[in-house]
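I'd like to go over a predicted model; first the sequence, then the structure.
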Amino acid sequence: MGLHPHSPSDYPSFLLYVLDETHLTITVLHAAIIIYTRDAHIAWIAVGALGSSLSAKGIKHFIRSPRPPPPPPTSNTDLKSHVRPKKTYGMPSTHSTALSFYFFYLVPELLLSSQMLASLPFTLGIRIPLPASIRPYIPSFSAVPKLRSAGTFGSVRPPRKEILDSLTTGQRWSSAIGITAYWLGGLWSRIELGYHTYSQVVVGAAFGWLLSTLWRGVWIANPALGPWLQGWIDTVWNLGRGLLSI
């Protein structure tokens, strides 16, 4: 965002105001989904999205690419000037990176796991085995020790059906369409509000795709990761409930 605080009246449209609050909207929504489902895969995606955002912020300080210049202050109709000022660097766009991480992770996960698309010859590079040259750099969780007691920290629960796997075909398609629309709107808003250039948004989107592919590759390559992480989530959840009941 630019100057703080902002109100909807500072923006050319209410849609741009909503899209400019993407970081807050997605954070609250994802946190609510994690609390409601307590699903390991959902939590894994959240960690990856946070990592993608922090990575983009870190890279900005190495590239040091300036943002677009502000519009002339003489225009009374240019409402962008109320939200334009930003003093950070612009390459890559952090919002574009995070939004693209979600898009390229969730949409293939939703559609390519459905029976309707299971027989298609293309997989957007998501389910193609990772090249042998990078496999040594992918963390392996196959040797994670299984604790004996089901109530101890880090214990591995029996496999269960993931939330994403329980969606119907209609729910998958509607979710994918909604995610795609929000992703495109988010990328468009970064340029429309004057926060980033086209190249900064494109590079951010490409960086988000790369990180999402690698992050999902780690998940797919390590079947033991899900049950292990689920055990931690359930243990921490039960501990929290126990403390609140004291």
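That came through fine.

may I have the lowest-mean-pLDDT helix or strand in the chain as PDB, with CA atoms only?
Each helix and strand of the chain was given a mean pLDDT (mean pLDDT, DSSP states H and E); the minimum falls on helix 14-20 at a mean of 78. Extracted C-alpha coordinates of helix 14-20, given in PDB (Å, rounded to 0.1, in the frame of the first residue of the first chain):
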ATOM      1  CA  PHE A  14     -13.900   0.400  -4.800                       C
ATOM      2  CA  LEU A  15     -12.500  -2.600  -6.700                       C
ATOM      3  CA  LEU A  16      -9.000  -1.100  -6.600                       C
ATOM      4  CA  TYR A  17      -9.400  -0.500  -2.900                       C
ATOM      5  CA  VAL A  18     -10.300  -4.100  -2.300                       C
ATOM      6  CA  LEU A  19      -7.400  -5.400  -4.500                       C
ATOM      7  CA  ASP A  20      -5.000  -3.000  -2.700                       C
END
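
next structured bit after it?
Following helix 14-20 in sequence order, the next helix or strand is helix 22-37 (DSSP states H and E).

what helices or strands is the next helix-or-strand element following that following helix leaning on?
Using DSSP H and E, the next helix or strand after helix 22-37 towards the C-terminus is helix 40-63. Here helix 40-63 touches helix 22-37, helix 94-111, helix 198-221, helix 225-244, going by 3 or more CB pairs under 8 Å, 6 or more residues apart in numbering; DSSP states H and E. The way it works is simple: take the backbone N, C-alpha and C, and place the C-beta from them, glycine included.

and the contacts of helix 40-63?
Contacts to helix 40-63, defined as CB atoms under 8 Å, 6 or more residues apart in numbering, come from residues 23, 26, 30-31, 33-34, 88-94, 97-98, 101-102, 105-106, 162-164, 204, 207-208, 211-212, 215, 219, 225-227, 229-230, 233.

hmm, try it at 6 Å
Contacts with helix 40-63, where a contact means CB atoms under 6 Å, 6 or more residues apart in numbering, come from 30, 33-34, 89, 91-92, 94, 97-98, 101, 162, 208, 211, 215, 219, 226, 229-230, 233.

ok, stretch 87-104 next?
Here stretch 87-104 makes contact (CB under 6 Å, 6+ apart) with 22, 49, 52-53, 56-57, 60, 63-65, 67, 179, 183, 186-187, 190, 196, 200-201, 203-205, 207-209, 211-212.

what residues sit buried inside it?
Buried residues in stretch 87-104, counted by 16 or more other CB atoms under 10 Å: 89-104.

one step back: winner for burial among the helices and strands packed on helix 40-63?
Mean neighbour count (mean count of other CB atoms under 10 Å) peaks for helix 94-111 among the helices and strands packed on helix 40-63, with a mean of 24.

please list the outside residues in contact with the helix or strand just after that one.
Beyond helix 94-111 on the C-terminal side, the first helix or strand identified by DSSP H and E is helix 169-192. Helix 169-192 is contacted by residues 16, 19, 22, 93, 95-96, 99, 103, 106-107, 110-111, 114, 116, 196, 201 when judged by CB under 6 Å, 6+ apart.

ok, 8 Å please
Contacts for helix 169-192 (CB under 8 Å, 6+ apart): 12, 15-16, 19-20, 22, 80, 93, 95-96, 99-100, 102-103, 106-107, 110-111, 113-116, 167, 196-198, 200-201, 205.

could I get the buried residue list for it?
In helix 169-192, the ones that count as buried by 16+ other CB under 10 Å are 172, 175-176, 179, 182-183, 185-187, 189-192.

closest to residue 39 among those residues?
residue 175 (14.7 Å; CB to CB).
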